[in-house]
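>>> have a look at this prediction, sequence included:
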Amino acid sequence: MCAQKPHAAPGLMSSVLRNKCPKCRQGNLFLSSNPYNLKKITAMPEQCPVCGQAMEPEIGFYYGTGYVSYGLSILFCALSFILWVLLIGISLKDNRIFWWLGINIALMILVQPILMRMSRSIWIAFFVKYDPKYSMGLKYS
């Protein structure tokens, strides 16, 4: 007789970072796993393929993701500025601040598709709670 190993619940942070359904933490939130496929950058299935959770619970549900995306962008800029100061330094006597600004703008443009998806993942995780029955492979009848 084999002892059954209990299923560990997937962590909230892990499921948000991997863009998984917040209810079962297994189904994909987006149709394409590549955030740089700009034609399908925000394309989502109507329901989670694993648990059936509606990916857009109501019309206009994702309007609030602009606030989350803004916060993530500010965090990214602050972290890049701190790294720049620690690694290169800042001085008013030369133009290093302008170099940081230009590089930061370029990085923000490159990272924007990831931040857009991350903000949707965080937003839906605020409102849809985890259901452990789906992580154990059980489904409601």
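Arrived safely. Just so it is clear, the model here is predicted, and its values are computed rather than measured.

>>> what is the helix or strand where L101 lies packed up against?
Assigned by DSSP states H and E, L101 belongs to helix 96-127. For helix 96-127, the contact count by 3 or more Cβ pairs under 8 Å, 6 or more residues apart in numbering; DSSP states H and E identifies helix 12-17, helix 65-87 as packing neighbours. For the C-beta atoms, the positions are set from N, CA and C on the backbone; glycine is no exception.

>>> where does pLDDT dip in this protein?
By pLDDT under 70, the low-scoring segments of the chain are 1-9, 134-141.

>>> leaving out sequence neighbours, find the closest residue to the most centrally placed residue in it.
The centre of the chain sits closest to M118, judged by Cα atoms, centre = their mean, with a distance of 2.0 Å. Of all residues beyond its chain neighbours, the one nearest M118 is L72 (6.2 Å), with distances taken as Cβ to Cβ, 6 or more residues apart in numbering.

>>> surely Y62 and I122 touch.
No: the criterion here is Cβ atoms under 8 Å, and Y62 misses it with I122 at 11.0 Å.

>>> wait, L12 sits on A125?
Yes: contact criterion Cβ under 8 Å: L12 and A125 qualify, at 6.6 Å.
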